[in-house]
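Participant: coordinates only, sequence not included:
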């Protein structure tokens, strides 16, 4: 009996080996509310005094570069789908709106606004950090990207008992508890330290982990626990950090090539660095690019293409752009650098009325 138990524990551990890798299928999206989008498109970039906010940056090469993969060789960051946000993070909308008003007359006040707290759910944390690879349903892409459902179900004593009974294993309460606790420990370890093909999410706070695990339990149809429906305080700056580190850094290096290379650079496989994005692009341009992905012409050229992320709201994308991305040396962008981006907005549709290219 002991050998059977050990074998089951080993199987439960192995089942966790592929948790949380990355990907997001390109898709079109319906039009969003235009009020905030129009503000984003008309933001007075030349008046913006970009501040460095107290968040750590992603550093070093992209995760794909770390793995030695090209965008075309993997589903990582490309299977996010188009499932809408939960509505909890919609609290970003008034924050971004007030920021866009304050930045015109009181940049210091605007900086404080981006650090104001709102409550977000585990589903928001999942979208920001996990959905690009595991999809909205958590099933991933077999066999490259593992499903999160089985490993999360292994953390439930009730489901573990059913599994063992289905295998004809007569397990007592202590054995059930031991197996499910081992599975939960492996899940948390994977989130903290990553794995061979999965990046670490060491930047997640403990309360964020609890809310995220609570949502994973919901995805996996685990009986509700004390983590169900947890809300955690976040700021617009922190929301931007989640998306940058949990999604953008899969394909984009922290520093390096600029987006200014244009179409030719992209056809040569050059992906712009995160540090260059706000200096080389207008806010409306970035909102459009993230929501719709690469243009039809870009896909025809055969270069590296960017997936669409329609499940990020305008305000979430704005949070990524507006928070000064700290480079490896932790220096903030200068307003003079940002002011040059407005000229690049010529010919780009506004974020709220843009059509799929």
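Facilitator: Perfect, I can see it now. Remember, it's a predicted structure, so these values are computed and weren't measured experimentally. Residues are numbered from 1 along each chain as shown.
Participant: hmm, which helix or strand of the protein has the shakiest average pLDDT?
Facilitator: Sorting the helices and strands of the chain by mean pLDDT, DSSP states H and E puts helix 335-339 at the bottom, at a mean of 31.
Participant: Mind telling me what element residue 124 is part of?
Facilitator: helix 122-129 (DSSP states H and E).
Participant: Name the surrounding residues that touch that helix.
Facilitator: The contact list for helix 122-129, computed with CB atoms under 8 Å, 6 or more residues apart in numbering, reads 80, 85-86, 88-89, 201, 204, 208, 211-216, 218-219, 227, 229-230, 232, 239, 242-243, 245-247, 311-312, 316. Where C-beta positions appear, they are placed from N, C-alpha and C, glycine not excepted.
Participant: Please apply the same query to stretch 218-233.
Facilitator: 88, 117-123, 125-126, 137-138, 148-150, 152-153, 155-156, 158-159, 205, 207-208, 210-211, 213-214, 217.
Participant: And the strands in the protein?
Facilitator: In the chain, the strands defined using DSSP state E lie at 117-121, 231-235.
Participant: need those in a markdown table with distance to residue 102 and mean neighbour count, can you?
Facilitator: Output for these, formatted as a markdown table (distance: least, CB to CB, whole Å; neighbours: other CB atoms under 10 Å):
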| stretch | distance to residue 102 | mean neighbour count |
| --- | --- | --- |
| strand 117-121 | 17 | 19 |
| strand 231-235 | 15 | 20 |
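Participant: ranges for the helices of the stretch 151-300 of the chain?
Facilitator: 157-166, 173-193, 206-219, 236-246, 262-267, 274-280, 283-292, 296-301 (DSSP state H, counting those that start in this stretch).
Participant: who wins for proximity to residue 102 among those helices?
Facilitator: helix 236-246 (12.4 Å; CB to CB).
Participant: and residue 305, how many neighbours does it have?
Facilitator: By other CB atoms under 10 Å, 18 other residues sit near residue 305.
Participant: mind starting the numbering at 208 from now?
Facilitator: New numbering, starting at 208: the last item is residue 512.
Participant: tell me the pLDDT at it?
Facilitator: Per-residue pLDDT puts residue 512 at 79.
Participant: and the closest residue to residue 516 other than its chain neighbours, how many neighbours?
Facilitator: With CB to CB, 6 or more residues apart in numbering as the criterion, residue 516 has its nearest non-adjacent residue at 5.1 Å, and that residue is residue 497. Counted with other CB under 10 Å, residues neighbouring residue 497 total 24.
Participant: Hmm, residue 497 is touching residue 525, no?
Facilitator: No - the pair residue 497 / residue 525 is not scored as a contact, 10.1 Å apart, by CB atoms under 8 Å.
Participant: residues near the nearest residue to residue 442 once chain neighbours are set aside, how many?
Facilitator: Spatial nearest neighbour of residue 442, excluding adjacent residues (CB to CB, 6+ apart): residue 322 at 4.8 Å. Neighbours of residue 322 under the rule other CB under 10 Å: 16.
Participant: for residue 398, same thing?
Facilitator: Look at residue 398: counted by other CB under 10 Å, it has 22 neighbours.
Participant: From residue 515, how far out is the spatially closest residue to it that is not a sequence neighbour?
Facilitator: The spatial neighbour of residue 398 that comes closest, neighbours along the chain excluded (CB to CB, 6+ apart), is residue 408 at 5.0 Å. Look at residue 408 and residue 515: by CB to CB, to the nearest Å, they are 23 Å apart.
Participant: Looking at those two, which one has more neighbours?
Facilitator: When neighbours are counted by other CB under 10 Å, residue 515 comes out ahead of the other of residue 408 and residue 515, with 24 against 21.
Participant: my guess is the more buried one contacts residue 495, does it?
Facilitator: No - applying CB under 8 Å, one finds residue 515 not in contact with residue 495, separated by 10.3 Å.
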